[in-house]
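next comes the sequence, and after it the predicted model I'd like to discuss.
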Amino acid sequence: MRRREFLIGATATAASATLGAPFKRAGKPRLRLSLAAYSFRNQFAFMKGGKREPAGKPMDMFQFIDFCADHGCDGTELTSYFFRPDVTPKYLAEIRRHAFLRGMDISGSAVGNNFSLPKGEQRDSQIAYVKKWIDHCAALGAPHIRVFAGREPKGVAREEADPWAIDALRECCDYSGQRGIFLGIENHDSIGDAASLIQFVKAVNHPWFGVNLDTGNFRTADPYKDMTAAAPFAINVQVKMELRVDGATKPTNLERVITILHEANYQGYVALEYESREDPYSAVPKALKDLEALLE
């Protein structure tokens with residue numbers, strides 16, 4: 001059975017036909033500016049629990065929140081990778097307090113899970129990892145977590161791995177929904193086009209599940225066409241300054257991206273995720289201004 005056939009079949013057997021559909025939002029588009037901590041990925045002293053030497057001027061979570069507030073953001077996306085390994089309730093409360101006093105929403109977080117694994121200890125560990133960050137985000141008051149389907153083990157067909165990922169995503173959505181937190185699947189790893197992304201959303205079929213739309217991660221001839229298809233399912237948007245068109249890297253047409261989001265009646269955060277080569281301390285403020293001007 002081909003991947004698309006499996007995903008469609010999973011959708012057809014789901015309990016409710018209304019779930020997994022595009023979000024129906026009343027009112028007009030409402031786009032709010034955020035910044036992903038991943039933009040300063042080389043400046044943080046911690047990476048996925050490990051201590052390292054920061055590149056250039058160092059950054060911590062409190063300083064990152066200040067940077068967002070000082071550069072006109074409405075929200076701040078606190079990527080899980082860069083937290084201290086000893087995350088405690090006290091530490092999370094201090095971050096939440098700091099963000100509140102700076103007038104900042106914590107728009108969400110992001111984890112680096114892999115659910116494309118068979119049942120067993122490895123997948124159980126990945127599920128526990130995501131649930132831990134659901135708890136952390138509940139403590140932070142963050143309403144969204146970016147998740148992955150993941151990458152299948154060597155020698156395993158993608159069609160075999162998809163149901164493993166779908167089951168794990170459903171389990172985590174059941175848990176996140178109890179905490180009032182959305183999980184957004186990103187076009188990443190094995191998912192490089194809108195059709196696969198949407199079929200995953202329909203197969204998981206959960207009211208607390210949608211698309212984390214990354215403008216730079218489509219691997220197709222026309223990524224803007226994929227954005228247009230995926231935008232109605234989006235619960236969070238991450239904008240990169242560059243994207244790939246038929247394998248070639250080109251500057252992102254920010255105005256076109258925002259038009260796509262408006263036409264989809266998107267209402268939510270648009271987080272800059274800066275991955276270009278320039279120093280983020282000098283390049284991110286300009287990128288934020290360019291993006292903010294289009295959101296007004």
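Done, it's in. Numbers count the residues shown, from 1 in each chain.

so who does residue 255 touch?
residue 294 (Cβ atoms under 8 Å, 6 or more residues apart in numbering). Backbone N, C-alpha and C define where each C-beta goes, glycine included.

tell me how far it lies from residue 294.
Between residue 255 and residue 294 the distance is 6 Å, computed by Cβ to Cβ, to the nearest Å.

swap in residue 224?
15 Å.

and what of residue 222?
On the measure of Cβ to Cβ, residue 222 and residue 294 end up 21 Å apart.

give me the more crowded residue out of the two.
Remark: of residue 222 and residue 294, residue 294 carries more neighbours, 18 against 11, as counted by other Cβ atoms under 10 Å.

that one and residue 260 touch, don't they?
No: the criterion here is Cβ atoms under 8 Å, and residue 294 misses it with residue 260 at 11.6 Å.

what sits against residue 206?
Shown in contact with residue 206 (Cβ under 8 Å, 6+ apart): 19, 20, 169, 170, 173, 174, 177.

isn't the first one right up against residue 205?
Yes: between residue 19 and residue 205 there is a contact under Cβ under 8 Å: 4.5 Å.

of these two, which one has the most company?
Ranked by neighbour count (other Cβ under 10 Å), residue 19 and residue 205 place residue 205 first, with 21 against 16.

quick check: the more buried one touching residue 20?
Yes: Residue 205 is in contact with residue 20 according to Cβ under 8 Å; the separation is 4.2 Å.

the contacts of residue 206 in helices, which ones?
Counted as lying in helices by DSSP state H, out of these, are 169, 170, 173, 174, 177.

and residue 88, how many residues sit next to it?
Neighbour count for residue 88, taken as other Cβ under 10 Å: 10.

actually residue 254, not the one I wrote
Residue 254: 19 surrounding residues under other Cβ under 10 Å.

next: the one 4 residues further on.
One way to gauge burial is a neighbour count; for residue 258, by other Cβ under 10 Å, it gives 20.

next: residue 29.
15.

quick one: it and residue 268 touch, right?
No: applying Cβ under 8 Å as the test, residue 29 and residue 268 come out as separate, 9.6 Å apart.

excluding chain neighbours, what is closest to the residue most central in space within the chain?
Residue closest to the average C-alpha location in the chain (Cα atoms, centre = their mean): residue 146, at 3.2 Å. Leaving out its chain neighbours, the residue that sits closest to residue 146 by Cβ to Cβ, 6 or more residues apart in numbering is residue 110, at 3.8 Å.

for the one you found, give its distance to residue 119.
25 Å.

more neighbours, the two?
Each of residue 110 and residue 119 has its neighbours counted (other Cβ under 10 Å); residue 110 has more, 26 against 10.

contacting residues for that one?
Residues in contact with residue 110 (Cβ under 8 Å, 6+ apart) are 36, 38, 77, 79, 80, 81, 145, 146, 212.

return the subset of those residues lying in strands.
Among those, DSSP state E puts 36, 77, 145, 146, 212 in strands.

how near is the closest residue in space to residue 39 that isn't next to it in sequence to residue 188?
Spatial nearest neighbour of residue 39, chain neighbours left out: residue 274 (3.7 Å); criterion: Cβ to Cβ, 6+ apart. Relative to residue 188, residue 274 is positioned 17 Å away (Cβ to Cβ).

residue 56 too?
On the measure of Cβ to Cβ, residue 56 and residue 188 end up 27 Å apart.

so the two - more neighbours on which side?
Using other Cβ under 10 Å, the more surrounded residue of residue 56 and residue 188 is residue 188, with 18 against 11.

helix, strand or coil for residue 275?
Secondary structure assignment for residue 275 (DSSP: H, G, I helix; E, B strand; the rest coil): coil.

so the residue nearest to residue 39 makes contact with residue 290?
No: contact criterion Cβ under 8 Å: residue 274 and residue 290 do not qualify, at 11.5 Å.

more neighbours, these two?
Legend: neighbour count by other Cβ under 10 Å for residue 274 and residue 290, higher for residue 274 (20 against 13).

now do the same contact list for that one.
36, 38, 39, 240, 241, 280, 283, 284, 287.

how far away is it from residue 175?
31 Å.

same check on residue 251?
For residue 251 relative to residue 175 (Cβ to Cβ), the value is 39 Å.
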